[in-house]
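# structure here, sequence nowhere to be found:
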């Protein structure tokens, strides 16, 4: 009985650790960006899923607005509710944050012309991803430029001491000694 006691403690510890890991790994909701705002790409995907499931544009806006919450969700919900109540497209989006302009323009063309919104949401998502990739490439290029001087300052003396100094000393010793 006494010999099996450490196993009980180990099993309990494993259970606690496993519960902690699953709690950390569990998704806590849609992907959020800075200040807890839902990323625009995620909003476009959610709206696209709602529309593909058969929801109308106003109902998709309301459903996604309720799902994501926060200021963006409230703006989406208000816009959808205003459209249902008969407001025009621009009036419905009057109080929306500027960052939702991509969503507004992607759905606006489909709403005003009566086209299916799925393709415009997909195209807006692709354009947004392309813009984000371009910004990431520019940031990486700036980082590379900023790293040249510190890396040069660190590696040049090391190269001189480890690579060139032994060669010069051996050549100098051969010339002076011979």
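Happy to help now that I have it. Values in this document were obtained by computation on a predicted structure and should not be read as measured data.
# what is the lengthiest helix in the chain packed up against?
In the chain, taking DSSP state H as the definition, the longest helix is helix 117-159. Using 3 or more Cβ pairs under 8 Å, 6 or more residues apart in numbering; DSSP states H and E, the elements in contact with helix 117-159 are helix 40-52, helix 101-113. (Each C-beta comes from the backbone N, C-alpha and C, glycine too.)
# reformat these as TSV; add mean neighbour count and mean pLDDT.
Output for the helices and strands packed on helix 117-159, formatted as TSV (neighbours: other Cβ atoms under 10 Å; pLDDT from 0 to 100):
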stretch	mean neighbour count	mean pLDDT
helix 40-52	20	93
helix 101-113	17	90
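# so which of these is nearest residue 151?
Residue 151 lies closest to helix 40-52 among the helices and strands packed on helix 117-159, at 34.0 Å (Cβ to Cβ).
# the helix or strand just after that closest one to helix 40-52, inter-axis angle?
Later in the chain than helix 40-52, the nearest helix or strand by DSSP states H and E is helix 57-68. Calculated by axes from the mean of the first three to the mean of the last three Cα atoms, to 10 degrees, helix 57-68 forms an angle of 130 degrees with helix 40-52.
# where does this structure dip in pLDDT?
1-36, 177-178 (pLDDT under 70).
# try it again with 90
1-38, 69, 95, 109-116, 118, 144-161, 163-178 (pLDDT under 90).
# for residue 87, grab phi and psi.
Main-chain torsions, residue 87, degrees, to the nearest 10: phi -70, psi 150.
# how far away is it from residue 104?
Noted for residue 87: a distance of 13 Å to residue 104, by Cβ to Cβ, to the nearest Å.
# so which bits of the helix or strand following the longest helix of the chain are buried?
Next helix or strand after helix 117-159 toward the C-terminus (DSSP H and E): helix 165-177. Judged by neighbour count (16 or more other Cβ atoms under 10 Å), helix 165-177 contains no buried residues.
# now the angle from helix 165-177 to helix 117-159?
30 degrees.
# which elements pack onto helix 165-177?
Against helix 165-177 (3+ Cβ pairs under 8 Å, 6+ apart) you get no helix or strand.
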